[in-house]
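Trainee: pasting the sequence and the predicted model now:
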Amino acid sequence: MSASPALLMRLVASGFSIAEKAQAIVQQVMSGGDLGVVEKTGANDLQTKADRLVQLSICSSLARKFPKLTIIGEEDLPFQHVDEDLIESGQSEEVLKYSCPPQYSHIKEDEIVVWVDPLDGTKEYTEGLLDHVTVLIGFAYAGKAIAGVINQPYYNYQAGAGAVLGRTIWGVLNLGVFGIQLKEAPEGKHIITTTRSHSSKLVNDCICAMKADEVIRVGGAGNKSSKILWVSHFRRHASDLKRLQRSFTGIMPDEVMPQICGDNRAEVPNRCFVTHRFEAKAPQVCHKRKFNMITC
């Protein structure tokens, strides 16, 4: 009789299925025509109906299946009833085919922090730049990112009739990244991926100083990560010059992908983001703006 999959692999398998459910929600809200846009802190900091529904779906689905997790969401949402049609209970069989790296095989549920950005690239979503949009779910243990799921709801949306819409990328440290084909960057080329909607004189001065061969300006932390995975395969390329100013919910899920592929992404050696568990009674969902603790 085969052993049950390790907790981390079950978590990532759930995250994969939940991210695909989120993809459907994001697409449904867009096709419905009413995005329900509200400004949080200004015109460049928006929230839509998709942000709200996807966060409820992800956090509630995970909390129901893994009640001892600490879950931190991007949006500051009030406690509310969650419709059953937002709950995803499935787990990706593809993810469960893989064995958990030995160093993570004995992790306990209450030792993991999950970081959720329900709709990264919200401004681009409202502007119809749909290929910039991602759904981000990240898993941290002992203060460091160890696994992540990135869904691109509109990947291939300009590929024409018959193209498969959307994809989900996932990875675990010391196991690998899956769902995307890695490519080597052209030898000797210096490629920078940076912000599209939050640029500044400082950012542009830095880009000029780096003498880049190519600058890719895109929205969303997850989208930047997927661009780097596809374009550069981590040949010491800079990514997102405003990365220190991004919210942890945007940083954490995509921070792990470059590490899995063997690089720290930024050209700063031996640096990584550290995330720590907030002490509170489990089960809980933390909303990042005020870090309210909410029982699911």
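Mentor: Cool, got the structure.

Trainee: CA only for contacts and neighbour counts going forward, please
Mentor: Noted.

Trainee: would you map the helices across the protein?
Mentor: Ranges of helices in the chain, per DSSP state H, are 7-32, 49-65, 93-96, 122-126, 201-210, 221-231, 248-260.

Trainee: what does the shortest one contact?
Mentor: Put plainly, it is helix 93-96. Residues from elsewhere that reach helix 93-96 (Cα atoms under 8 Å, 6 or more residues apart in numbering): 5, 9, 10, 12, 13.

Trainee: if we go to 6 Å?
Mentor: Helix 93-96 has contacts (Cα atoms under 6 Å, 6 or more residues apart in numbering) with residue 13.

Trainee: ok, and for that helix, which residues are buried?
Mentor: 95, 96 (16 or more other Cα atoms under 10 Å).

Trainee: over to stretch 57-71?
Mentor: In stretch 57-71, counting by 16+ other Cα under 10 Å, buried: 57-63, 66-71.

Trainee: stretch 101-117 too?
Mentor: 104, 109, 112, 113, 114, 115, 116, 117.

Trainee: kindly report the same for stretch 41-49.
Mentor: Quick answer for stretch 41-49 (16+ other Cα under 10 Å): 46, 47, 48, 49.

Trainee: quick one: the closest residue to the third one other than its chain neighbours and residue 123, what's the gap?
Mentor: Meaning residue 48. Spatial nearest neighbour of residue 48, excluding adjacent residues (Cα to Cα, 6 or more residues apart in numbering): residue 37 at 4.4 Å. Remark: distance between residue 37 and residue 123 (Cα to Cα, to the nearest Å) = 10 Å.

Trainee: what about this protein, any weak spots by pLDDT?
Mentor: 1-2, 183-185, 195-199, 218-296 (pLDDT under 70).

Trainee: where do the strands sit along this structure?
Mentor: 38-42, 45-47, 70-73, 112-120, 134-141, 144-152, 167-172, 176-178, 191-195, 214-218, 284-287, 292-294 (DSSP state E).

Trainee: any chance of those strands in JSON lines, plus distance to residue 98?
Mentor: Formatted as JSON lines, the strands of the chain follow (distance: least, Cα to Cα, whole Å):
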{"stretch": "strand 38-42", "distance to residue 98": "40"}
{"stretch": "strand 45-47", "distance to residue 98": "36"}
{"stretch": "strand 70-73", "distance to residue 98": "24"}
{"stretch": "strand 112-120", "distance to residue 98": "20"}
{"stretch": "strand 134-141", "distance to residue 98": "17"}
{"stretch": "strand 144-152", "distance to residue 98": "13"}
{"stretch": "strand 167-172", "distance to residue 98": "10"}
{"stretch": "strand 176-178", "distance to residue 98": "10"}
{"stretch": "strand 191-195", "distance to residue 98": "31"}
{"stretch": "strand 214-218", "distance to residue 98": "32"}
{"stretch": "strand 284-287", "distance to residue 98": "28"}
{"stretch": "strand 292-294", "distance to residue 98": "33"}
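
Trainee: select, out of the ones you listed, the one closest to residue 203.
Mentor: Closest to residue 203 of the strands of the chain is strand 191-195 (Cα to Cα; 8.5 Å).

Trainee: can you give me the buried ones in that closest one?
Mentor: Quick answer for strand 191-195 (16+ other Cα under 10 Å): 191, 192, 193, 194, 195.

Trainee: for stretch 162-182, same thing?
Mentor: Result for stretch 162-182 [16+ other Cα under 10 Å]: buried residues 165-174, 177-178, 182.

Trainee: then stretch 17-35?
Mentor: Neighbour-count burial for stretch 17-35 [16+ other Cα under 10 Å]: 17, 18, 19, 20, 21, 22, 23, 25, 26, 29, 30, 35.

Trainee: hmm, who's touching that stretch?
Mentor: Contacts for stretch 17-35 (Cα under 6 Å, 6+ apart): 48, 49, 50, 54, 88, 90, 91, 92, 151, 153.

Trainee: pull out the buried residues from those.
Mentor: 48, 49, 50, 54, 88, 91, 92, 151, 153.

Trainee: format those as a markdown table; extra columns: distance to residue 200.
Mentor: Shown next, in a markdown table, are these (distance: Cα to Cα, whole Å):
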| residue | distance to residue 200 |
| --- | --- |
| 48 | 25 |
| 49 | 29 |
| 50 | 28 |
| 54 | 30 |
| 88 | 40 |
| 91 | 42 |
| 92 | 41 |
| 151 | 28 |
| 153 | 29 |
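
Trainee: for residue 214, which non-adjacent residue is spatially closest?
Mentor: residue 191 (5.0 Å).

Trainee: isn't the one you found up against residue 217?
Mentor: No: with contact defined as Cα atoms under 6 Å, residue 191 does not reach residue 217; the gap is 10.9 Å.

Trainee: need the contact list for residue 167.
Mentor: 151, 152.
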